[in-house]
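**Q** Below are the sequence and a predicted model for it; my questions follow.
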Amino acid sequence: MSRRLLVALLALLVAAPAARAAEADAERAERCWRDRGRSFAERGAIDREATRCAVEGWREAARSAPARLDWAQRRIEALWFAAHFGAGDRGERDAWLDEAVAAADAAVAEVDRRAGVAGRHLELAARARALASVPEAGDVHFFAAIAWGEWGTARGWIAAATRGVAGRLREHAELAAALAPDLRCGGGLRLLGRVHATMPRLPLVTGWVDRRRGLELLRAALASSRDEPRNLLFLAEAILDQQPARREEALALLGELARRAPDPDEVVEQSETLARARELLADESAEERG
């Protein structure tokens, strides 16, 4: 047996147990992820233990198999969920968000490496064309936008400006919309539309914000899927903010949401969206009465 073959066989013997352990971590994380909302309907609170289990499982799986970009995405999503819904205090929230953006940056760097654009400065259209060769590229940028958006919201705009969050959000959302417009029921379009509809306009920082484009993108997201509650809510909010003459359209969207029940698979996330819609509808009704 040649030395090269022996080394290859030894490597396989070492890698096999690690691969099985990573698969076990991923399976455990998936079970916990399904359980994250099991107590929500009963007492209006998420299952923190299941949430932490999902974070830990996807963390270990992603670290054991850094080439698995699908596991990296699940890790980012679990960290976002934990920070947004399950943090016990601000310190825990910030720690999870720091981990989420670090994981997002690492996944983006891996996508760039696979596409052969690492370290290259390309215009958005050219970069999107290059990244299209990586099937997971759109998904990675979608979750990177979510992670950095939550990080900026939690830390405040001074910290966000220091870390260049506005530019990061624009880049990730643009690429998600270009590469995976239908992901998560129009998620790429929804993200980019939300950025343009709500990002503050600051000279020399966010002069690119275009409210009209935001509305167009949010309408495109809604056309992509009416099943996703955030497509209706974000468009309704943008209409109320920017097109008061179309207020009745916004109220109809909010009324549609107010009559819905959350999807059991996303009961926590959708309950938040539906509650926001009902709150807005009540506020608009109170304003109309007087």
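**A** That came through fine.

**Q** At the geometric centre of the protein, which residue sits there?
**A** residue 146 (3.3 Å; C-alpha atoms, centre = their mean).

**Q** how about it, secondary structure?
**A** helix (DSSP: H, G, I helix; E, B strand; the rest coil).

**Q** Now the nearest residue to it once chain neighbours are set aside: which helix or strand?
**A** Leaving aside its chain neighbours, residue 146 sits nearest to residue 80 (5.5 Å; criterion: C-beta to C-beta, 6 or more residues apart in numbering). Backbone N, C-alpha and C define where each C-beta goes, glycine included. Per DSSP states H and E, residue 80 falls inside helix 69-85.

**Q** what's next to that helix, contact-wise?
**A** Contact partners of helix 69-85, identified using C-beta atoms under 8 Å, 6 or more residues apart in numbering, comprise 22, 26, 29, 33, 36, 46, 51-52, 54-55, 58-59, 61-62, 65-66, 93-94, 96-97, 99-100, 103-104, 106-107, 110-111, 136, 139-140, 143-144, 146-147, 150, 154, 268-269, 272.

**Q** One more: stretch 86-100?
**A** 46, 48, 51-52, 55, 59, 76, 79-80, 82-83, 147, 150-151, 154-155.

**Q** ok, residues contacting stretch 28-46?
**A** Contacts for stretch 28-46 (C-beta under 8 Å, 6+ apart): 47, 50-51, 53-58, 61, 74, 78, 81, 85-86, 264, 266-268, 271.

**Q** Mind doing that once more with 10 Å?
**A** Under the criterion C-beta atoms under 10 Å, 6 or more residues apart in numbering, residues 47-62, 71, 74-75, 77-78, 81-82, 84-86, 262, 264-271 lie in contact with stretch 28-46.

**Q** And that stretch, how far out from the chain middle?
**A** Centroid separation for stretch 28-46 versus its chain: 19 Å, with C-alpha atoms, centre = their mean, to the nearest Å.

**Q** And it, end to end?
**A** Length of stretch 28-46, first residue to last, C-alpha to C-alpha, to the nearest Å: 18 Å.

**Q** buried residues in that stretch?
**A** Applying a neighbour-count criterion of 16 or more other C-beta atoms under 10 Å, one finds 28, 29, 32, 33, 35, 36, 37, 39, 40, 46 buried in stretch 28-46.

**Q** mind checking how far the fifth one is from residue 88?
**A** The one in question is residue 35. 18 Å (C-beta to C-beta, to the nearest Å).

**Q** hang on, the earlier thing: verify the stated contact: the residue nearest to the centre of the chain with residue 176.
**A** Yes. Residue 146 lies in contact with residue 176 (C-beta atoms under 10 Å); the separation is 9.2 Å.

**Q** what touches both of the two?
**A** 184, 187, 191.

**Q** Where does the prediction get shaky in this protein?
**A** For the chain, the stretches with pLDDT under 70 are 1-18, 290.

**Q** who's in contact with the residue lying closest to residue 202 once chain neighbours are set aside?
**A** The shortest distance from residue 202 to any non-neighbouring residue, by C-beta to C-beta, 6+ apart, is to residue 166 (7.7 Å). When contacts are counted by C-beta under 10 Å, 6+ apart, residue 166 touches 148, 152, 157, 160, 195, 199, 200, 202, 205, 206, 208, 209.

**Q** quick check, nearest of those residues to residue 255?
**A** residue 195 (26.3 Å; C-beta to C-beta).
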